[in-house]
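Peer 1: Give me a model of this one.
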Amino acid sequence: MSSIEMFHRLTTETSQLRTRLDNFTRQATSGLKAERLGDLAPEIPRAVSLQGDIGRRELYGKAMNQALGRTSVMQTSLDRMTEIARDFRTKAATRLNSGDAASLMTVQSNARAALTEVAHLLNTRLGGEFLFSGNDTGRPPIPDPEGLATGQMAQDIAAQVAALPIQGLAATVDATRLIAQSNTPGVTPFSDYLTADAALPPGEQDARRSVPAGDGQVIGYGIVAGRNADAISMGETTGNWARDLMRNLMSLAALTPDQMTDRKAFDGFMGKIREGLSSAEMALAEEAGALGNVEARMESTQRRHSNLTMALSKQLADIQEVDVADVMVKMQSTRTSLEASYRAISSLGDLNLANFLR
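Peer 2: Below is the predicted model of the structure:
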């Protein structure tokens, strides 16, 4: 082999070694086999598929995390409304017997305050969204929370309670139930959106708010004020725990000494109020329990996505990433070869012109 041929071979090998060393240096720094996905052929289709699957699962996990934040706040509101129903059933309504007119003013005041609190609990908001407004998240389900205790529904119920000594127990109970069930604008305390939705047949009402949990899979978690989600109200009820709670608090707030004149009717009415509060309490507890099951399902689905994401990420890493320790060994070996190549080229400079051209 002539010196010129040797020189060309050495310079070619040196260039290749330098390219390999640069590549190993980049891999050791970035930990990636290639800077661009297109340089990973023939693994490109599989890498793209893995990246898409990982991305979808991460989005599902984030969506459920947001939904779990909402349900946690909703649980707090449900728990507090359950406490209100329980407290008035076991304390306020029990204290008001036909011979205890002195406690009446306190119960009235407490009932009105509880109505305002219930309205604000139903108007619970997180991140600018009203959680009990169904899909109408930008507007409160109770437009006038401070006026709930004195609104038209409360006035209509108060008129029926005032007539208790005249019209009797059964007529008064039926009348207050119908008022609480009403979806008539101006009577119902709920928003126009919820009022219009409540007037529709069950199959046509607004779908329950839900979260995507997987490809083609959604988990419903929304609870709409004025309509039970999972709970089934039993006993003395309007069919909805929120209406039951408001109806009976309004009845307590409307009581006056005049209703105590008919002891039998008054005691019977108080019994119905306790039954109504008990129905609200049990339905609220059932609603909270069902929501807890939904939360457990979302958390389980989140864990499954997380575990699968880890497995898929490992597969993607096998395609995209390098073993840095192995690359360092190869880099050192290549550097040694490159240095030897440089020395070989340098040695050619010691040849005289005649030998070099031979």
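Peer 1: all helices for the stretch 51-200 of the chain, in order.
Peer 2: Assigned helices in the stretch 51-200 of the chain, in chain order: 93-95, 104-122, 152-162, 164-167, 169-181, 192-198 (criterion: DSSP state H, counting those that start in this stretch).
Peer 1: for I232, helix, strand, or coil?
Peer 2: Taking DSSP: H, G, I helix; E, B strand; the rest coil as the rule, one finds I232 in the coil state.
Peer 1: I figured T137 was touching E129, is that so?
Peer 2: Yes - with contacts defined as CB atoms under 8 Å, T137 counts as touching E129 at a distance of 4.1 Å. Any C-beta I mention is one placed from the backbone N, CA and C, and that applies to glycine too.
Peer 1: so where's the stretch 151-300 of the chain shaky on pLDDT?
Peer 2: Counting by pLDDT under 70, the stretch 151-300 of the chain has no low-confidence residues at all.
Peer 1: In contact with L308, which residues?
Peer 2: L308 makes contacts with R57, as judged by CB atoms under 8 Å, 6 or more residues apart in numbering.
Peer 1: Compute the inter-axis angle for the helix or strand hosting it and helix 104-122.
Peer 2: When secondary structure is defined by DSSP states H and E, L308 falls within helix 263-320. Angular relation of helix 263-320 and helix 104-122 on a 0 to 180 degree scale: 20 degrees, by axes from the mean of the first three to the mean of the last three CA atoms, to 10 degrees.
Peer 1: Phi first, then psi, for A199.
Peer 2: Torsion angles at A199 (phi, psi; degrees, to the nearest 10) stand at phi -80, psi -10.
Peer 1: Any idea how many residues pack against it?
Peer 2: A199 is flanked by 13 other residues according to other CB atoms under 10 Å.
Peer 1: ditto for the one 3 residues further on
Peer 2: Other residues near P202 number 6, with proximity taken as other CB under 10 Å.
Peer 1: returning to that earlier point: centre of the chain to the helix holding L308, how far?
Peer 2: When C-alpha coordinates are averaged (CA atoms, centre = their mean, to the nearest Å), helix 263-320 and its chain have centres 11 Å apart.
Peer 1: ok, now stretch 168-187?
Peer 2: In terms of CA atoms, centre = their mean, the centre of stretch 168-187 is set 35 Å apart from its chain centre.
Peer 1: now do stretch 142-149
Peer 2: From the chain centre to the centre of stretch 142-149 is a distance of 26 Å (CA atoms, centre = their mean).
Peer 1: buried residues in that stretch?
Peer 2: By neighbour count with 16 or more other CB atoms under 10 Å, stretch 142-149 contains the buried residues 142-143, 145, 148-149.
Peer 1: and which of these is nearest T184?
Peer 2: Minimum separation from T184 among those (CB to CB) is found for P143, which lies at 15.1 Å.
Peer 1: ok, the spatially most central residue of the chain - contacts?
Peer 2: The centre of the chain sits closest to A67, judged by CA atoms, centre = their mean, with a distance of 0.9 Å. Each residue near A67 by CB under 8 Å, 6+ apart is listed here: 211, 219, 221, 298.
Peer 1: The one helix or strand the second one maps to pairs with which strands, parallel or anti?
Peer 2: Assigning secondary structure by DSSP H and E places I219 in strand 217-220. Strand 217-220 has these partner strands in its sheet, going by DSSP bridges: strand 210-214 (antiparallel).
Peer 1: Any idea how far the strand holding I219 is from the middle of the chain?
Peer 2: Using CA atoms, centre = their mean, the distance between the centre of strand 217-220 and that of its chain works out at 11 Å.
Peer 1: cool, stretch 216-225 as well?
Peer 2: With CA atoms, centre = their mean as the basis, the mean position of stretch 216-225 lies at 9 Å from the chain mean.
Peer 1: Stretch 115-122 now?
Peer 2: Here stretch 115-122 is found 22 Å from its chain centre; the criterion is CA atoms, centre = their mean.
Peer 1: Stretch 259-279 now?
Peer 2: Computed by CA atoms, centre = their mean, the separation of stretch 259-279 from the middle of its chain amounts to 40 Å.
Peer 1: in it, what counts as buried?
Peer 2: In stretch 259-279, residues buried by neighbour count (16+ other CB under 10 Å) are 259-260, 262, 265-270, 272-279.
Peer 1: As a markdown table, the contacts of A67 with distance to N307 and neighbour count would be great.
Peer 2: Shown next, in a markdown table, are these (distance: CB to CB, whole Å; neighbours: other CB atoms under 10 Å):
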| residue | distance to N307 | neighbour count |
| --- | --- | --- |
| V211 | 19 | 22 |
| I219 | 18 | 18 |
| Y221 | 22 | 23 |
| M298 | 15 | 22 |
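Peer 1: Among those, which one sits closest to G52?
Peer 2: G52 has its nearest neighbour among the contacts of A67 in V211, at 20.3 Å by CB to CB.
Peer 1: More neighbours: which of T137 and E129?
Peer 2: Comparing T137 with E129 by other CB under 10 Å, the one with more neighbours is T137, at 18 against 13.
Peer 1: what's the spacing between that one and S72?
Peer 2: 17 Å (CB to CB, to the nearest Å).
Peer 1: before we move on, the earlier item: can you pick out the most distant pair from the buried residues of stretch 142-149?
Peer 2: P143 and A149 (14.4 Å).
Peer 1: Touching stretch 69-77 from outside, list them.
Peer 2: Counting contacts by CB under 8 Å, 6+ apart, the residues touching stretch 69-77 from outside are 121-122, 124, 126-127, 129, 131-132, 221, 223, 288, 291-292, 294-295, 298.
Peer 1: Is it possible to mark the buried ones in these?
Peer 2: By neighbour count, with 16+ other CB under 10 Å, the contacts of stretch 69-77 hold 121-122, 124, 131-132, 221, 223, 288, 291, 294-295, 298 as buried.
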